[in-house]
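S.K.: Sequence first, then the predicted structure:
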Amino acid sequence: MNVLEPAVEFRGTSTQVCGLWPFSTGSGTPMTGVPLGRHLQTAATVCCDPVSWFQRAKLIPNPSALVLGRPGLGKSTVARRWAVGLAGYGVLPMVLGDVKGEHIDMIRALGGQVNEIGRDRGAINVMDPGEATTAAGRLTGPARERLLSAARARRLTVLDGLLTIVRKSPPTDREQAILDRCLRVLDERHEGVPVLADLLAVIQNPPEDVRNVALDRGDMTRYQQITDQLEASLIGLVSGGRFGQTFGRPTTEPIARDRPFLYDISSIDEGDRDMQAAALLACWSAGFGSIEVARALSDAGLEPQRNYFIVLDELWLALRSGRGMVDRVDALTRLNRQKGVGMVMLSHTVSDLLSLSHAEDVEKARGFVERAGMVVCGGLPEHETQRLSGQLRFSTLERELVAGWQSPPSWDPATDREAQPPGVGRFLIKAGGRPGIPVDVQLTATERHIHDTNKAWHAHTRLDRQPAPLTEETPA
Amino acid sequence: MAAASEAPRTYGNWRRPTSAGLAGLGSIGTAILLGGLVIVILILAMGNTLRAVLAAGILGVVLLLLVVRDGHGRSALDRITSRLAWWRHRSSGSHLYRSGPLGRTAWGTHQLPGLAAPSTLTEHLDSYARPFALIEVPRTGHFTVVLAAEPEGAALVDTHQVDTWVADWGHWLASIGDEPSIEAVSVTIETAPDSGARLRREVETNLTDDAPEFARQMLREAEATYPAGSSSTKAYIALTFKAAPRRGAAKRSAADMGVELAARLPAITHALAATGAGTTRLLSAQQLCEVLRVAYDPAAATLIDDAHAEGVVPEMDWSEVGPSGTEAAWDWYRHDSALSMTWAMTVAPRGSVQSGVLGRLLAPTEVIDRKRVTLLYRPIDRATSARLVETDLKNAEFRQTASKKPSARDSIAVRQAAATAQEEAAGASLLNFGLLVTATVTDPSRRRDVIAAVDGLGASARLSLRLVHGAQDSAFAAALPLGLVLGKHLAVPTELREKL
């Protein structure tokens, strides 16, 4: 016989007893995906990445993530951690346009390929996104047609985008129709892979159907008037200048589809926003084109099935380079089938993303936030999270937490240096309407050197005696 | 946006069930007092003054035993009986338990000790074809189903959302009281150190053979360093049903009960989602066995986790989940690889509290390796509730009018009883609740630290916790997600005790 001591019982109505609510402590964190860090409150390990959360955990509707946060708080670190982790899980990371050269070490460490793009460096032929023409040669029937038509659409979009950047306004619909027809003419008559100069040649010596589309009414002078603007812009793109050097030549080195890959565009002067935006656009077009090629080839059984994880850095740079760019970026970065392709987009702040001059562009840019499977927020001021509130539900506490992370670092008199800012490496993972998961991203010793983006300084100063800070961006 | 000026919602107005009586006595106590006085007067009338004085003395001592209560509301009689019972328990040697082939159980299995010893386990499918385990305790005629929940936590959630969850929890508690033949509900929140096995399983099963060396290194390093010092929290909800559908009816068999519950469980689990419990799932027999095995032998947690990490399900049988040896002492309980102490709530949070009051108590603590906080609910059926609240109100009013100058306490009691009656009339149900806290350490020398830590936690939750004395083994079992209802195992029913 046991000795019993029944628990002392109290009595109350269900409307009062529920106040002793047993569920105030969260049970835990998702343990699916790349280990990212620790939960800020419970110190439990947090695993998270857009691909695994979509594919295996089914926590998000599509495998994409948007990372927002003030500069210097470790946005790129999150992207790199995902890239490295996913590489370990058999997903190939693809950095499409590294503006500051901060991901190069990571891709090299993973044994990947780095293509340098820029003046006097490598070139991307915008007329052949993802080397689709060569790949199409290996395919037959409807698969070949599908690949080519996707490549054509992509090509037209990127041309539109380039023209928009050059002229600061989108091309008219008549010009777009002329371009489209010229491209078709090129496809039919041109031997080999065309470049921009070939396109210009078609416009300058128009065959009959191009003139019909231009509606020149049989008058060559009228044709020249109509295509005057277009020709001028294209000449700007083709002739020797920075654009022509980079986009008007045949692609220097094709994208490796079987290992990690990176487009390095850090050689482009940081002040040259137009060129940066154009390069990003071309890189995205080439990268996504290449993935479509890989998909088509693997469907045809010519190459093994591969999964990719795409890093799109500095999203705002391209969005803000001209009116209507949101549509172009959207068209370029959208895949018909997202199966097996994860994507992370990085942008400074919401204002950066949404401060577009045209109201409709702003609305469309909001779509980027809306469509992202998950949003990972670093330190953001409260008015920023307020701006996101249409797309994401932030609780007051979450808002305050995120706002707290962007406070400036304090001064440490003992070492005469700045202490680490309070928000470094801290992020709030928001997926759907669920409460956010606050996570402290923790680096491992192995990867520390790939996150050290102040290497240029170490050569000149003696800073390298100190442990490298987590920061990789200098506040603008 | 919720207005910042809005006052936080508070809860309170729970009290110990008492009965009407004089001078702090319950109704039975009052009867003893009056009956005793009559006897004393009779003896006096017979002219035997000395005997009358003696009788009055005995009566006085008996009443003192009932009236003198310590800070936890226990009368001297309670303390003496528990001392005596413990002494008997110890001298009979039943505080020791040895199982297995070398043990003292006749059939050589590691069955559960104590109250849970005669329990049996069966597995059934609910109407969504999810397997669920059904524990049967034949002695009390109880069947228990255990659910696992994944609370989202209130840490980053707006107050109005928490208020909604809490209100829905109230609704759920009210509705569970209406479930036919429900006996008790318990919610167990268990915090335990993270063995890192889940992370290891995640990384090892996903790492591809041709992964770049650098990525492999990074993942392996994260796998090794991340789990250190982190903890995991688990939530279980145990629903206990009576085998007999009504008093005097024949008891249902496990098979019958399984069929009946199969149809009812989906609705119950579905309603839980709105209470902040997150997604709930029914525990299968295998999962329940693992929970109990780990509770009695925390060292097994690593082995079980490792097995799962390898993708192997460690096959377990209900007769094998118990400890191989336990020893119950006056204030601790030794079981296999660990030492546990169980506290019981003796005073519910005083005054009115906000819904986060248990937050600190439920959250993981560094000092305590494993901690289980179990809230025990016993819903009272509608008919009894209505009667009880009315009696409570009458009793309170009686106490108020019994003295010429009613104390402030008495008039508050009347107001509280009236509020309860009103809430009950508005659709809330009445329930009894208790709370148990079990702290487990693997290193017995840290017992003192744990006591200090739990004292602090109890204070943070504004409730009084008392270390259960002399009944550590049964209290430990009651705090497990097993659905044991201690009150039903007693020789003297709880209802009678309340009236003393």
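M.R.: In hand now; what should we look at?
S.K.: got the residue ranges for the helices in the stretch 401-500 of chain B?
M.R.: Here the stretch 401-500 of chain B has its helices, by DSSP state H, counting those that start in this stretch, at B:408-425, B:447-460, B:472-478, B:494-498.
S.K.: Just the CA atoms of the second one, as PDB, please.
M.R.: These are the backbone C-alpha positions of helix B:447-460, laid out as PDB (Å, rounded to 0.1, in the frame of the first residue of the first chain):
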ATOM      1  CA  ARG B 447      19.400  18.500  -4.200                       C
ATOM      2  CA  ARG B 448      19.800  21.600  -2.100                       C
ATOM      3  CA  ASP B 449      20.300  23.800  -5.200                       C
ATOM      4  CA  VAL B 450      17.100  22.400  -6.700                       C
ATOM      5  CA  ILE B 451      15.100  23.100  -3.600                       C
ATOM      6  CA  ALA B 452      16.200  26.700  -3.600                       C
ATOM      7  CA  ALA B 453      15.500  27.000  -7.300                       C
ATOM      8  CA  VAL B 454      12.000  25.600  -7.000                       C
ATOM      9  CA  ASP B 455      11.200  27.800  -4.100                       C
ATOM     10  CA  GLY B 456      12.200  30.800  -6.200                       C
ATOM     11  CA  LEU B 457      10.100  29.600  -9.100                       C
ATOM     12  CA  GLY B 458       7.100  29.100  -6.900                       C
ATOM     13  CA  ALA B 459       7.400  32.600  -5.500                       C
ATOM     14  CA  SER B 460       7.600  33.900  -9.100                       C
END
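S.K.: residues in contact with that helix?
M.R.: When contacts are defined by CB atoms under 8 Å, 6 or more residues apart in numbering or on different chains, helix B:447-460 is touched by residues B:332, B:339, B:341, B:343, B:360-361, B:365, B:367-368, B:437, B:439, B:441, B:464-465, B:467. C-beta coordinates here come from the backbone N, C-alpha and C atoms, glycine included.
S.K.: With respect to residue B:421, which of these is nearest?
M.R.: residue B:464 (26.9 Å; CB to CB).
S.K.: per-residue confidence for that closest one?
M.R.: Note for residue B:464: predicted pLDDT of 86.
S.K.: Could you give the backbone dihedrals for the residue nearest to it when sequence neighbours are not counted?
M.R.: When the adjacent residues along the chain are set aside, residue B:464 lies closest to residue B:347, with 4.0 Å between them (CB to CB, 6 or more residues apart in numbering or on different chains). Torsion angles at residue B:347 (phi, psi; degrees, to the nearest 10) stand at phi -130, psi 120.
S.K.: For stretch A:402-422, give the mean pLDDT please.
M.R.: Per-residue pLDDT over stretch A:402-422 has a mean of 76.
S.K.: Hmm, residue B:278 and residue B:269 touching each other?
M.R.: No - contact criterion CB atoms under 8 Å: residue B:269 and residue B:278 do not qualify, at 11.3 Å.
S.K.: So for these two, which residue has more residues nearby?
M.R.: Using other CB atoms under 10 Å in any protein chain shown, the more surrounded residue of residue B:269 and residue B:278 is residue B:269, with 23 against 19.
S.K.: on that earlier part again, rebuild the helices of the stretch 401-500 of chain B as a markdown table, extending it with mean neighbour count and mean pLDDT.
M.R.: Output for these, formatted as a markdown table (neighbours: other CB atoms under 10 Å in any protein chain shown; pLDDT from 0 to 100):
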| stretch | mean neighbour count | mean pLDDT |
| --- | --- | --- |
| helix B:408-425 | 17 | 85 |
| helix B:447-460 | 16 | 90 |
| helix B:472-478 | 28 | 88 |
| helix B:494-498 | 15 | 65 |
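S.K.: one step back: next, count neighbours for the residue nearest to residue B:464.
M.R.: 17.
S.K.: who touches it in this structure?
M.R.: Residue B:347 makes contacts with A:8, B:72-73, B:463-464, as judged by CB under 8 Å, 6+ apart.
S.K.: switch to 7 Å and redo it
M.R.: Shown in contact with residue B:347 (CB atoms under 7 Å, 6 or more residues apart in numbering or on different chains): B:72-73, B:463-464.
S.K.: go on, residue A:446?
M.R.: The contact partners of residue A:446, by CB under 7 Å, 6+ apart, come to B:217-218, B:221.
S.K.: Closest one to residue A:160 out of the residues you listed, please.
M.R.: Of all these, residue A:160 sits closest to residue B:218, with 40.3 Å by CB to CB.
S.K.: My understanding was that that closest one contacts residue A:447; is that so?
M.R.: Yes - using CB atoms under 7 Å, residue B:218 is in contact with residue A:447, at 5.1 Å.
S.K.: tell me the centre residue of chain B?
M.R.: In chain B, the centroid-proximal residue (CA atoms, centre = their mean) is residue B:376; its distance is 3.6 Å.
S.K.: ok, and the closest non-adjacent residue to it?
M.R.: That would be residue B:434: by CB to CB, 6+ apart, it lies 4.5 Å from residue B:376.
S.K.: so the one you found touches residue A:17, yeah?
M.R.: No - checked against CB under 7 Å, the pair residue B:434 and residue A:17 is beyond contact range at 11.1 Å.
S.K.: Please convert the helices of the stretch 401-500 of chain B to a markdown table, extending it with distance to residue A:71.
M.R.: Converted to a markdown table, the helices of the stretch 401-500 of chain B look like this (distance: least, CB to CB, whole Å):
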| stretch | distance to residue A:71 |
| --- | --- |
| helix B:408-425 | 55 |
| helix B:447-460 | 40 |
| helix B:472-478 | 54 |
| helix B:494-498 | 64 |
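S.K.: closest one to residue A:322 among those helices?
M.R.: helix B:447-460 (58.2 Å).
S.K.: Buried ones in stretch A:113-132, by neighbour count?
M.R.: Neighbour-count burial for stretch A:113-132 flags A:113-119, A:122-132 (criterion: 16 or more other CB atoms under 10 Å in any protein chain shown).
S.K.: Please, where are all the helices along the stretch 301-450 of chain A?
M.R.: Chain-ordered helices for the stretch 301-450 of chain A, with DSSP H, counting those that start in this stretch as the definition, fall at A:315-319, A:325-332, A:350-354, A:359-371, A:382-388, A:396-404.
S.K.: cool, the stretch 101-250 of chain B as well?
M.R.: B:159-178, B:197-206, B:213-225.
S.K.: closest one to residue A:103 among the ones you listed?
M.R.: helix B:213-225 (13.3 Å).
S.K.: tell me the mean pLDDT for the closest one?
M.R.: 89.
S.K.: what's that helix in contact with?
M.R.: A:35, A:84-85, A:87-88, A:109-110, A:444-447, B:199-200, B:203, B:207.
S.K.: same deal with stretch A:362-369?
M.R.: With CB under 7 Å, 6+ apart, stretch A:362-369 has contacts from A:66, A:319, A:326-327, A:330, A:345, A:353-354, A:356, A:375, A:388, A:390-391.
S.K.: Pull out the buried residues from that stretch.
M.R.: So stretch A:362-369, judged by 16+ other CB under 10 Å, has buried residues A:364-366, A:368-369.
S.K.: what's the answer for stretch B:68-83, then?
M.R.: B:74-75, B:77-79, B:81-82.
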